[in-house]
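Student: Give me a 3D structure for the following:
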Amino acid sequence: MPLSYEKITYNFGHIFPAHVEALCELLIALRQQFFGDLDLMLILAIISSRALPARQSSSMSYQQFINDHNKKRADQPINIQSVVECSGIARETVRRKVHKLEELGFIERDSRGMLTVTVKALNTLAPATEASLQYLVAIVSSNDTVTV
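Tutor: From the prediction side, this is the model:
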């Protein structure tokens, strides 16, 4: 049975400790992967969410995701202003972080200023994706101890 808000709040004592521990591990891994800069990670995540919206990835396995190399990705680039509005991060900070992501080869900007994630980002950041998977495993595993 899927977790609901009611089920989670009723079983908070079982789920919350697993979440906190796994979240700390995830944030540590992401911080390392992004040179201590979690804003950089957040900005890339926002840009990535446009590349593969949840509605498009729902039928993908992890292996399909890794091997896709943008063949099936949605073409929904995002601009700096939209990243600013979504993240709440100051425009100048987003601009600097986008420049850094471009230097790293993780994103590309087209002639209209629209941003897309590169295959290099997918490959280089595989450890971050793996850390995210481990976080999800910990959360789902905590469901095993949940009662109705």
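Student: From what I see, residue 100 and residue 40 are in contact.
Tutor: Yes. The pair formed by residue 100 and residue 40 meets the contact definition of CB atoms under 8 Å, at 6.3 Å. Every residue, glycine included, has its C-beta placed from N, CA and C.
Student: Compare those two and say which one has the larger neighbour count.
Tutor: residue 40 (22 against 18; other CB atoms under 10 Å).
Student: got any residues that touch both of residue 100 and residue 40?
Tutor: Residues touching both residue 100 and residue 40 by CB atoms under 8 Å, 6 or more residues apart in numbering: none at all.
Student: what's residue 89 in contact with, if anything?
Tutor: Each residue near residue 89 by CB under 8 Å, 6+ apart is listed here: 39, 42-43, 83, 97.
Student: any chance you could map the strands in the chain?
Tutor: 107-109, 115-117 (DSSP state E).
Student: Adding mean pLDDT, distance to residue 3 and mean neighbour count, write those strands out as a markdown table.
Tutor: Shown next, in a markdown table, are the strands of the chain (pLDDT from 0 to 100; distance: least, CB to CB, whole Å; neighbours: other CB atoms under 10 Å):
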| stretch | mean pLDDT | distance to residue 3 | mean neighbour count |
| --- | --- | --- | --- |
| strand 107-109 | 93 | 34 | 19 |
| strand 115-117 | 91 | 30 | 22 |
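Student: how far away is the residue nearest the centre of the chain from residue 3?
Tutor: The centroid of the chain falls nearest to residue 45 when counting by CA atoms, centre = their mean (4.4 Å). Separation of residue 45 from residue 3 (CB to CB, to the nearest Å) stands at 23 Å.
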